[in-house]
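Enquirer: got a predicted structure plus its sequence, pasted below:
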Amino acid sequence: MGIVSTKEAQTLARERNLDLVKIAPKGNPPVCRIMDYGKYRFDLAKKEKEARKKQKIINVKEIRLSPNIDKHDLDTKTKRAIKFLKDGDKVKISVRFRGREMAHTEKGNELLDGIVQELKDYGETEKRAKLEGKNLVIIVTPKQM
């Protein structure tokens, strides 16, 4: 309609039983539209809901190990990590050190390197192994198919 005074726009909106809605209030002059505000809000909510449906929620699953874990237990934990990665979840693998085990963190690094090698077909490491308190932590993200 072009540039119209505020009073004119309000009377036009009342005549049509619609609302005068500011679309860009910071513009010079402010941009307004004559529309049904309730329907406009409903459409916005509907679009937002559709966008939320399409989002994929990524969970972070944690697997805890000790530095002197047996081979069979390690295989079981690795299979579990593979299942999590196939489901599309991130996997946080942490090696927990107790007492004097803190002196041998290289053992934990070797353990994590071995697991990462087995998981390389299913995921990639997000960050390198990092010591957080008494835990050595690494995060593996699923590969995009």
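Expert: Right, received. Where do you want to start?

Enquirer: got a pLDDT number for the residue lying closest to residue 25 once chain neighbours are set aside?
Expert: Counting by Cβ to Cβ, 6 or more residues apart in numbering, residue 25 lies nearest to residue 31, which is 8.0 Å off, once chain neighbours are set aside. Using the backbone N, CA and C atoms, a C-beta is placed for each residue, glycine as well. In this model, residue 31 is scored at 87, pLDDT.

Enquirer: touching, residue 31 and residue 20? I think so.
Expert: No - Residue 31 lies out of contact with residue 20 (Cβ atoms under 8 Å); the separation is 11.3 Å.

Enquirer: need the phi and psi values for the one residue sitting closest to the centre of the chain.
Expert: Nearest residue to the geometric centre of the chain (Cα atoms, centre = their mean): residue 58, 5.4 Å. Backbone torsions for residue 58, taken as degrees, to the nearest 10, come to phi -100, psi 120.

Enquirer: quick revisit: for residue 31 and residue 20, indicate the residue with more neighbours.
Expert: Higher neighbour count among residue 31 and residue 20: residue 20, with 16 against 12, using other Cβ atoms under 10 Å.
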